[in-house]
Structure formats: C-alpha cells, structure tokens
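*Asks:* From the sequence below, what's the structure:
(14 chains)
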Protein chains: 14
Amino acid sequence: MDSVSIIGMISVATAGITIAIGSVGPALGEGRAIAQALAAIAQQPDEAGTISRTLFVGLAMIESTAIYCFVVSMILIFANPFWDHVIAAGG
Amino acid sequence: MDSVSIIGMISVATAGITIAIGSVGPALGEGRAIAQALAAIAQQPDEAGTISRTLFVGLAMIESTAIYCFVVSMILIFANPFWDHVIAAGG
Amino acid sequence: MDSVSIIGMISVATAGITIAIGSVGPALGEGRAIAQALAAIAQQPDEAGTISRTLFVGLAMIESTAIYCFVVSMILIFANPFWDHVIAAGG
Amino acid sequence: MDSVSIIGMISVATAGITIAIGSVGPALGEGRAIAQALAAIAQQPDEAGTISRTLFVGLAMIESTAIYCFVVSMILIFANPFWDHVIAAGG
Amino acid sequence: MDSVSIIGMISVATAGITIAIGSVGPALGEGRAIAQALAAIAQQPDEAGTISRTLFVGLAMIESTAIYCFVVSMILIFANPFWDHVIAAGG
Amino acid sequence: MDSVSIIGMISVATAGITIAIGSVGPALGEGRAIAQALAAIAQQPDEAGTISRTLFVGLAMIESTAIYCFVVSMILIFANPFWDHVIAAGG
Amino acid sequence: MDSVSIIGMISVATAGITIAIGSVGPALGEGRAIAQALAAIAQQPDEAGTISRTLFVGLAMIESTAIYCFVVSMILIFANPFWDHVIAAGG
Amino acid sequence: MDSVSIIGMISVATAGITIAIGSVGPALGEGRAIAQALAAIAQQPDEAGTISRTLFVGLAMIESTAIYCFVVSMILIFANPFWDHVIAAGG
Amino acid sequence: MDSVSIIGMISVATAGITIAIGSVGPALGEGRAIAQALAAIAQQPDEAGTISRTLFVGLAMIESTAIYCFVVSMILIFANPFWDHVIAAGG
Amino acid sequence: MDSVSIIGMISVATAGITIAIGSVGPALGEGRAIAQALAAIAQQPDEAGTISRTLFVGLAMIESTAIYCFVVSMILIFANPFWDHVIAAGG
Amino acid sequence: MDSVSIIGMISVATAGITIAIGSVGPALGEGRAIAQALAAIAQQPDEAGTISRTLFVGLAMIESTAIYCFVVSMILIFANPFWDHVIAAGG
Amino acid sequence: MDSVSIIGMISVATAGITIAIGSVGPALGEGRAIAQALAAIAQQPDEAGTISRTLFVGLAMIESTAIYCFVVSMILIFANPFWDHVIAAGG
Amino acid sequence: MDSVSIIGMISVATAGITIAIGSVGPALGEGRAIAQALAAIAQQPDEAGTISRTLFVGLAMIESTAIYCFVVSMILIFANPFWDHVIAAGG
Amino acid sequence: MDSVSIIGMISVATAGITIAIGSVGPALGEGRAIAQALAAIAQQPDEAGTISRTLFVGLAMIESTAIYCFVVSMILIFANPFWDHVIAAGG
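*Replies:* Residues are numbered from 1 along each chain as shown, chains lettered A, B, ... in the order given. This next block holds a predicted model:
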C-alpha cells in the first residue's frame, strides 16, 4: 500500500473511533449529573436557581471532554498535517 | 488492494461503528436522566414545569454527543475528503 | 479479492453490526425509563398524565439514537455510495 | 476465494450475529420494565389498568429495537442486494 | 478451501453462536421478571391473577427475542439459501 | 485441509461452545427466580402453592432457552446436514 | 495436519472448554439459590420443609444445564461421530 | 508438527484450563452460600442444625460442577482416548 | 512501508485514541462530583458557596488529567519530534 | 519446533496459568465467607463456636477447588505423562 | 523496518497510551473523593476547613499517579534514550 | 528458535504472569476480610480476641492460594525440570 | 530486526504500560480511602487527628505499589541491564 | 532472532507486566481495608488502638502479595538465570 492509502485509511478509522469512544464517558457523566439535579430540585425547589447554575457549569466541564474528541476528529478529517504532507509529496 | 478499495472499505466500516458505539452512551445517559425526572415529578408534582425544563436542556446536552457521532458518520459516507481525493486521482 | 467483494463484504458486515450494537443502549435505557415511569405512576397516580407525557418525549429522544443506527444500516445496504462507485466502475 | 463465497460467508455470519447481539439489550430492558410493572401493580392495584397500558406501549418501543435487528437479519438472508449482484454477475 | 466448505463451515458456526448468545439475554430478563412476580404475589396475594397475566404477556415478549434467534439458527441449518446456491452450483 | 476436516472440526467446536455459553444465562436466571421464590415463601407461607406454580411455569420458560441450545448442539453432532453432504460427496 | 490430528485436537479442546464454561453459571446460580434458602429458613423456620423441597427442585433444574454440558463433553471424548468417521476412513 | 505433538500439546493446555476456569464458579458460589449460612446461624441460632444440613447438601451440589471439571481434566491427562490412538498408531 | 508512512500512521492513530480513552475517566469522575455537589446543595443550601468553591477546585484537578491527554494528542499531531526527524531525513 | 520444545513449552505455560486463574475464585470466595463469619460473631458472640466450625468446613470446601488446580499444576510439572512419552521417544 | 521507524513508532504509541490509561484511574478516584468531600461539608459545615485540607492532600496523592504517567509520556517523546541512541547510531 | 530459547522464554513469561494474576484474588479477598473484621471490632469490642483469631486463620487460608502461585513461580525460575532437561541435552 | 531494535522497542512499550496500568489501582484505592476519611471526619470531628494519621499511613502503603511500578519503569528506561548488554555487544 | 534478544525481550516485558498487574489487587484491597478502618474509628474512637493494630497486620498481609510480584520482577531484571545462561553460552 502506498502512503496515501495508509494515512487516509488510518485517519478515517481514527476520526470515527475517537468521537465514538469519546462520547460514551461524557454522555454517562452528564446523565448522572442531570439525574441528580432533578432529584435535588424535587427535594429543595427553592434552590432550583442555584442548582441549575451549578449544573450548567458542570455540564460545560463534562461536555468539554467530548469537545476535545470532536476537535481531534475534525482535525484528522479536514486539517490533517500528515495527509497534507503525503499529498504534497505527490503520494 | 488498490486505494479505492482500501479507503472505501475503511470508510464504510468506520461510519457504522462510529454511530453504533456512539449511541450506547447517550441512550444509557438519557435513560437515567428521564428515569430520575419521572421519580422527581412523582415526588414533587408542583415542580413538574421546572423539572421538565431542566430535563430537556440536559437531554439536549446528552443528545449532542450522539449528534457528533452521527455527523462524523455522515461525513464519512457522503462528504469524505479522503475518498474524494482517491476518486479524483483516478483511483 | 476484487473491489466489489471487498466493499460488498464490509458493507454487509457493518450494516449488521451497526444495528446490533446500536440496539443495546437504547433498549436498556428505555427499559430503565419505563420501569421508573411505572414506579412513579404507582406512587403518584394523580400525575399519570404528566408522567406519561414526559416518558414518551424521553422515549422518543432515546429511540432517536437507535434510529440513527438503523438509518446508517439501511444506507449501507440500499444506498451505499461506495458500492455504487465500484459497480459503476465495472468492478 | 471467489466473490460468491466471500459475500455468502459474511452474510451468513452477520445475519446470525446481528440478531444474537440484538436480542440481549431488548430482553434485559423488557425484563426490567416488566419486573417494575409487577412491583407497581402489587403496590397500587387500583392503577393496574394505567400501568399495563404504559407497560405495553413501552414494551413495543423496546421490542422495536429487536425488530430492527431481525429485519436487517432477514434482509441479509433473503433480500441481500450484494448477493443478488454477485449471483447476477455470474459469480 | 472451496465454496461448499466455506459456506458450510460458517453456517455451522453461526447457527450455534446465534442461539448461544441469543439465550443469555432472555434467560436473564425472564429470571428477573419472574423473581419480581413472586415478590409481588407475596406482597399482594389478592392480585395474583393480574400479576400472573401481566407476567405471562411479558414473558412472551421476552421469549420472542429468543425465538428470533432460534428461527435464524434453524434457517441457517435447514433452509440456508447460500448453501442451496453453492450446492446447486455443483460446489 | 479437506472438507471433511473443516466441517467436522467446526461442528465439534460449535456444538460444545453452544451448550457451554447457552447454559450460563438460564442457570443464572433460574438461580435468581428460585432465590426470590424462597424469599417469597418465607414472607407469605400461605401463598406457597401459588408461588410454586408461578415459579415452575417460569422455570420452564427459562429452561426452554437452554433447551434450544441443547437441541442445536445435538443437531450439529448427530444430524448435521452439512456433514452428511460432505460425507455423501465422498469427502 | 491430517484429519485425525485436527478432529482429535478440536475434540479435546472443546470437551474441556465446554464443561469449564458450563460449570460457571450453574455454580453461581446454585450458590445464590442456596444462600437465599438459608436466609428464608432463618426467617421462617416453620416453613423449612416447604423451602427445602422447593430448593431441591430448583437445584435440579439448574444442575440440568450443567449436566447438558457434561453430556456433550463426554460424547465428544468417548462417542464422537466425527472421530469415529475419520478413524474408520483410515485417517 | 506431528500428531503426537499436537494431541499432547492441546491435551496439556485443555486439562489445565478446564480445572482453572472450572474452579472459579464453584468457589464463588460456595463462598456466597457459606456467608449466608453464617448470617443465618447468627440470626437464628436455634435452627443451626437445619441450616447446616441444607448448607452441606447445597455445597455438594455446587462442588459437583467442580468435580465434573476435575474428572474431565484427569481423563484428558491419564485416560485420553485420542492420545492412546495416536500413540498406538506409532505417532 | 517507508518511515514517513509508519510514523504518520501511528501518530494519527495514537493522537485519536489518547484523547478518546482519556476523556472517559474525567467525564465520569466529573459527573459523579457534580451529582454529589447538587445533592449537597439541596441538603444544605446555606453552604452553597463553600460547596461550589470546593467543587470547582476539584473539577479543575479532574479536568487536568483530560488536559494531559489533550496536550499529548496535540503534540503528536502538530509538534511531533519523531515526524519532524523523518521528514528532515528526507523520509 | 520439535516435540520436546512443544510439550515442554505448553506444560510450563499451562502449569502457571492453571494455578494463577485457579487462585482467584477461592481467594474471593474465602474472603467473602470469612468477612461474613466475622460479622456473625460480632452480632451473636455466643454462637462463635458453631460459626467457626461451619466456617472451617466451608473454607475446606472452597480450598478444595484451589487444591484441584494446584494438583493439576504439579502433575504437569513433575509427573507429566506427555512429557515422559516424548522424552522416552528420544524426543 | 529500520531501527528509527521501529523505535519512533513504539515511542509515539506508548506515550499516548500511557497517559490515556493513566488518566482513567486518577480521574475516577478524584471524582469519588471530591463527591464525598461535598457530602461531608453538607453534613458537617463547621468542619469545612479540616475536610478541605484533608481533601487537597489526598487529591495531591492521587494526582501524583497521573503525574508519573505524564512524566513517563514526556520522557518518551522528548528525552527518549533509546531514540537518542538509534539517531546517534545513524539509524 | 532452538529449545533453550523457547523453554526459557515461556518460563520467564509464565513465572511473572502466574504471580501477577495470582496476587489479585488474595489481595482483594484479604482486603474484604480485614475490612469486615474492623467493622466487627468497632461493633463488638469485647469480642476483639475471637474476631482477631478467626481473622488470622482466615487470612492464612487466603494467603495460601497466593503462596501456591509464588511456589509455582519460583519452581519455574529456579527448579524448572523442563529447562534442566534442555540444558542437559546440550540445548 | 536486530537486537538493539527489539530490546529498545520492548523496553519503551513496557515502561509506559507498567506505569499506566500501575496507576489505576492505587488511584482508585486512594480515592476510596480518602472518601471514607472525609465521611469519618464529618461524622466524628473530634477524632480528626487520629483519622488523618491513619489515613496518611494507609495512603503511604497504597502509594508504595504505585512507586514499585514507577521504579521498574525508570529502571527499564535509564538503567536497563538488557539494553546495556546489547549496546556493549555492539548491537 | 537470537537467544539473547528473545530472552531479553521477554524478561523486560514480563518484569513490567508482573508488577503492573500485581499492584492493582493490593492497592484496591488496601484501599478497602483502610476505608473501613477509618469508618470503624469514627464509630468507636475508644478502640482506635485495637483497630489500628489489626489494620496494620492486615495491610502487611495484603502488601505481601505485592512484594511477591516486586521480587519476581527484580529477579527477572537483575538475577535472571535464563539470561545468565544465554549470556554465558555466548548468546
């Protein structure tokens, strides 16, 4: 196999696997946080504002790890320096 | 195997695996959040509005990780730059 | 192996695996949500309407991740651009 | 191996694995939902009607993911476009 | 290996694995449902009739996923279109 | 390897694996159901008859999935159509 | 490798693996049932007779799945039709 | 590799793996049963006799699955019909 | 394969896997911490300030492990000394 | 590789793996039984004698499964009939 | 493959895997510690100072294991003695 | 590879793996037993003597399974009959 | 591959894997110990001194297992006798 | 590959894996024991002395399994009889 095929193949596979695995943890973590937030609101309705605010800051933190994966995935598809090199090299 | 076969093969496989694995986490996370929301409504019916609103914002956050996977999967099938390159190269 | 065999083989395998893995998460997540909904109705029968409504919106959200997988699976079997290309190329 | 063997082999294997894996999640999810339904009826017999109705709608949702797998499995055995192509090609 | 060996080999292996894996989920799900049914009867003996009826409908739903696997397994052994083709082809 | 070796080998291996894996789920599911039945009898001795009857129907349902595996295993050893074919073919 | 080696090798390996895996589920399931039986006796000593009777019937059901595995294992070692064939064939 | 090496190698490996895996389930199951027996004695000392008797019958049932594995393991080492055949064949 | 292909391929694959695996732990850990923070606020609203402060310091500690992974991933894509060497070597 | 190397190699590997895997189950099972015994003594000090006696009989049962593994391991190292054969054969 | 490719390849892969796996344990452990700290503050606000101090010492201990991994990962990328050797050897 | 390399290689690998895997079970089992012993002492300080005695006998039983692994590991390194044979054979 | 590449490659890979796997257990164990320490302080503030002292001794014990891994990892990178030998041998 | 490379390679790999896996069990077991010790001190401060003493004896027992692994790991690196042999043999 030539360089273009190798780099292309591994880039496609990695881009998909990265976001696929990277979505499992955040989804489960967010599910847990939201579930507890709802329980907390039900238990202490007067604090719904504080709870929501803390929840959304927390969700942003968790979501950030999914974003890291999505960014790497997009870089590998649309701004892949290794692919650019082998294409430029006439690969 | 020539470049077209390699890139095509890996794109098909990755597109499927990405959305398959990527659906497990969000589905479980959403299931947990909804389950707790229902328990919260049963416990504090007067806060059903607040609980629903928080739930739907949360579900949107979780769903977003599934959407990332679906987007990558669709890109790999219908807008794959690696495939476009090898086709253009007469692969 | 020629291109037709390769692309056909991987498309068949991926189509099946995608929906197979993709059905595990939603099924478990929906089972959890429904189980809690029933417990909530038993605990607070007067809110059965609100609980059902929230449940069905939630189930639709969860089901959507299974639908993504089913859509990708169907695309790979009946509207596969990689297969169309290799067939058109006389593969 | 010729195309007929390859496509046939992978179709057989995928058809079985798809429904095998695809039956695990729904079976567990339905078991959970039914178990909770029975507990709910024991706790609140007067709501047996509402509980049953919600249960059956929920079971239909869960069962649908198993049906998706069964459909894909049947398509791969009896209406496989890749197999039809290689047979038509004299494979 | 010739086509007959390949298709035969993979059909035997898939038929067994399909029903083997396919029996795990339903068995566990049914065990859970039955266990809860017994607990419900012990808690609310007067509702034994309603509980039994709901249980048996539920068991039928769960058993259906095992039946799907058994059907696919039997098709692969006794009515396998791929095997019929390679035999007819003089394989 | 000739056809007889291949089909024989895979039949032996599949027959064993099928019943081995197929015994795990039913054994665990039955263990759970029986355990709960005993707890139910201890809690509500007057309903021992109803509990036993429901238990035995349930055990039969669970055992049926083990039976499916045993049947497939026996078919693969003693009534294997693929083996009969390759033997008849002078394999 | 000749047929005798192949069939012999796979028969030895399968016979062992079958009973090894097949003993895990029943042992765990029986352990659970017995543990609950002891708890039930401690809680309701007057029902020790009924509990024991139900336990022993249940253990027999669970043990049956281990027996299936042991039977298949013994058949593969001492009454293996595939081995008999290759020996008779002068393998 | 000649037949003696193959059959010998696989017999050694299988004999060890069989008893190794086969000891995990019974050990865990017995541990659970004994633990509950001790809790039951502490809770209801007057029933120590009944509890012990039930426990020992149960342990014998669980131990039987370990014995099956040990028997198969010993057969494979000291009374292996496949090994006897290849030795007799001058292997 | 030449050095450029090898180093490029492994860099792409490692960059993706690193951030993918590295996002699972932090996401789950943060989800747990946030869930407990919300429960704590609901239980002791007067301490919301202290709780939030401790939570954010803790989240920063957890996030740092995700950051390590992201940093390594970015180094492997954009500042990879091994890739620089093989490119400089005319690879 | 000659017979001596093959049989020696697999005997060494199996002897170690057998006792390694075979120690996990008994160690965990014994840990559970002992833990419960200590809880039972703390709860019912007057029954310490009965509890200890039952515990030691139970530990002996569990330890027996570890002993089986150790025996097989020692046989494979110091009284291996397959090794004796290949050595005697001038292997 | 020449030495430079081999050592480079394995260094890249190991550097990523090390920090990826190494971030899972600390993230989960810190998440657990922080969650309990928040629960402790909510339960005993007067001890918030002692709790925070103990928490931060503990987090530092846990973080140290992540730091070990990060250090090894950085050494492998920027101060790898094996890479230096093969480069110096004109690899 | 010659016999010395093969036997040496596998002996090194097995010796390490044996004690590595063999330390997991005992460590967890002992941890559980000790944890419960401490809880028991806290609950019933007057029985600290009986509890300690039972604990130490139990720990010795659990430790014995680790000792078996260590013994096998040492035999494979320092008193390996297979290694002695191949060395004596001039391997 | 020559000796330098082999020993170098395996040293790099092992050094990373050792500390990566070796950090998981200590991090989780320390997380658990710290979490319980905080709960204990909240429950019994007067004993904070004793609890802290016991905690730090315990953390040192747990950290020691991580240190073992780090030491082995550093030895493999900077004081590897196998690497020294092959370098000295002109590898 | 020559003997020196093989034995060296496998010794490096085994030394690392042994201590890596061998640190997981002890770390978790010690974490559990320490956590319970702290809970016990909080519950029964007057027995802190007895609890600490029992804890430290127990930790020593658990640590011993980690020590076994560390010893084997050090033997494989610095006092490896197999390595000494192949070096002496001029390997």
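*Asks:* which SSE is the residue nearest the centre of chain A in?
*Replies:* Centroid check for chain A by CA atoms, centre = their mean gives residue A:66 as the closest residue, at 2.1 Å. Using DSSP states H and E, the element containing residue A:66 is helix A:48-78.
*Asks:* Tell me the buried residues in that helix?
*Replies:* By neighbour count with 16 or more other CB atoms under 10 Å in any protein chain shown, helix A:48-78 contains the buried residues A:48, A:50-52, A:54-56, A:58-59, A:61-77. Yep, even glycine has a C-beta here, placed from its N, CA and C like the rest.
*Asks:* from those residues, which are also near chain J?
*Replies:* Checking the buried residues of helix A:48-78 against chain J by CB under 8 Å from any CB of the partner chain, not one of them is in range.
*Asks:* Show the contacting residues for the closest residue to chain H within chain A.
*Replies:* Nearest to chain H, among the residues of chain A, is residue A:28, at 27.8 Å (CB to the nearest CB). Taking CB atoms under 8 Å, 6 or more residues apart in numbering or on different chains, we find residue A:28 in contact with B:25, B:28, B:29, B:32, I:27, I:28, I:31.
*Asks:* Apply 6 Å and report the result again.
*Replies:* Residue A:28 sits next to B:25, B:29 when contact means CB atoms under 6 Å, 6 or more residues apart in numbering or on different chains.
*Asks:* Over to residue A:80?
*Replies:* Here residue A:80 is in contact with residue A:11 (CB under 6 Å, 6+ apart).
*Asks:* Next up, phi/psi of it, please.
*Replies:* Phi and psi for residue A:80, reported as degrees, to the nearest 10, are phi -80, psi 110.
*Asks:* For it, give me the pLDDT.
*Replies:* Looking at residue A:80, its pLDDT reads 91.
*Asks:* what's the spacing between it and residue A:86?
*Replies:* For residue A:80, the distance to residue A:86 equals 10 Å [CB to CB, to the nearest Å].
*Asks:* Spatially nearest residue to residue A:40, not counting backbone neighbours?
*Replies:* Distance criterion CB to CB, 6 or more residues apart in numbering or on different chains; nearest residue to residue A:40, sequence neighbours excluded, is residue I:42 at 3.6 Å.
*Asks:* now swap in residue A:35 and tell me
*Replies:* Excluding its sequence neighbours, the residue lying closest to residue A:35 (CB to CB, 6+ apart) is residue B:36, at 3.6 Å.
*Asks:* Next, the one you found: secondary structure please.
*Replies:* The local conformation at residue B:36, judged by DSSP: H, G, I helix; E, B strand; the rest coil, is helix.
*Asks:* And the closest residue to chain J within chain A, how far from residue E:25?
*Replies:* Nearest to chain J in chain A, going by CB to the nearest CB, is residue A:28, at a distance of 27.1 Å. In this structure, residue A:28 and residue E:25 are 21 Å apart, going by CB to CB.
*Asks:* quick one on the thing from earlier: can you report how many residues neighbour the residue nearest to residue A:35?
*Replies:* By other CB atoms under 10 Å in any protein chain shown, 25 other residues sit near residue B:36.
*Asks:* Then residue A:88?
*Replies:* Residue A:88 has 8 neighbouring residues, counting by other CB under 10 Å.
*Asks:* can you tell me how far it sits from residue A:80?
*Replies:* 12 Å.
*Asks:* Check which helix or strand the residue of chain A closest to chain J maps to.
*Replies:* Going by DSSP H and E, residue A:28 is in helix A:3-43.
*Asks:* rewinding a little: model confidence at the residue nearest to the centre of chain A, what's the number?
*Replies:* The model's pLDDT for residue A:66 equals 93.
*Asks:* Just to check, it is in contact with residue B:65?
*Replies:* Yes: the criterion here is CB atoms under 6 Å, and residue A:66 meets it with residue B:65 at 5.0 Å.
*Asks:* which regions of chain A lie under the pLDDT threshold?
*Replies:* A:1, A:90-91 (pLDDT under 70).
*Asks:* so what sits against both of residue A:66 and residue B:65?
*Replies:* Common neighbours of residue A:66 and residue B:65 (CB under 6 Å, 6+ apart) are A:23, A:26.
*Asks:* Following the chain onward from the helix holding residue A:66, which element is next?
*Replies:* Scanning onward from helix A:48-78 (DSSP H and E), the first element met is helix A:81-88.
*Asks:* Show me how far that following helix is from its chain's centre.
*Replies:* Distance, stretch centre to chain centre, for helix A:81-88: 25 Å (CA atoms, centre = their mean, to the nearest Å).
*Asks:* How about stretch A:73-83?
*Replies:* From the chain centre to the centre of stretch A:73-83 is a distance of 16 Å (CA atoms, centre = their mean).
*Asks:* what does stretch A:15-30 give?
*Replies:* Worked out by CA atoms, centre = their mean, stretch A:15-30 lies 6 Å from the chain centre.
*Asks:* And the residue of chain A that's closest to chain G?
*Replies:* Going by CB to the nearest CB, chain G is nearest to residue A:28 of chain A, at 27.1 Å.
*Asks:* Distance check, that residue against residue I:38.
*Replies:* Taking CB to CB, one finds residue A:28 at 16 Å from residue I:38.
*Asks:* again with residue A:58
*Replies:* From residue A:58 to residue I:38 the distance is 8 Å (CB to CB).
*Asks:* which residues are in contact with stretch A:63-70?
*Replies:* By CB under 6 Å, 6+ apart, stretch A:63-70 touches A:18-19, A:22-23, A:26, B:65, B:68, I:19-20, I:23, I:26-27, I:66, I:70.
*Asks:* Pick out whichever of those residues sits closest to chain E.
*Replies:* Using CB to the nearest CB, those come closest to chain E at residue A:23, 24.1 Å.
*Asks:* Report how many residues lie close to the closest one.
*Replies:* The local packing of residue A:23 (other CB under 10 Å) involves 34 other residues.
*Asks:* ok, now which ones touch it?
*Replies:* Going by CB under 6 Å, 6+ apart, residue A:23 touches A:66, B:22, B:25, B:65, B:69.
*Asks:* Grab the nearest non-local neighbour of it.
*Replies:* Of all residues not flanking residue A:23 in the chain, residue B:65 sits nearest, at 3.8 Å (CB to CB, 6+ apart).
*Asks:* Please report the distance of the residue in chain A positioned nearest to chain M from residue D:86.
*Replies:* Scanning chain A for proximity to chain M using CB to the nearest CB identifies residue A:25 as nearest, at 15.4 Å. Going from residue A:25 to residue D:86 by CB to CB gives 42 Å.
*Asks:* just residue A:43 next, same as before
*Replies:* The value you get for residue A:43 to residue D:86, if CB to CB is used, is 62 Å.
*Asks:* Specify which residue of these two has the higher count of neighbours.
*Replies:* Taking neighbours as other CB under 10 Å, residue A:43 and residue D:86 compare with residue D:86 leading, 20 against 17.
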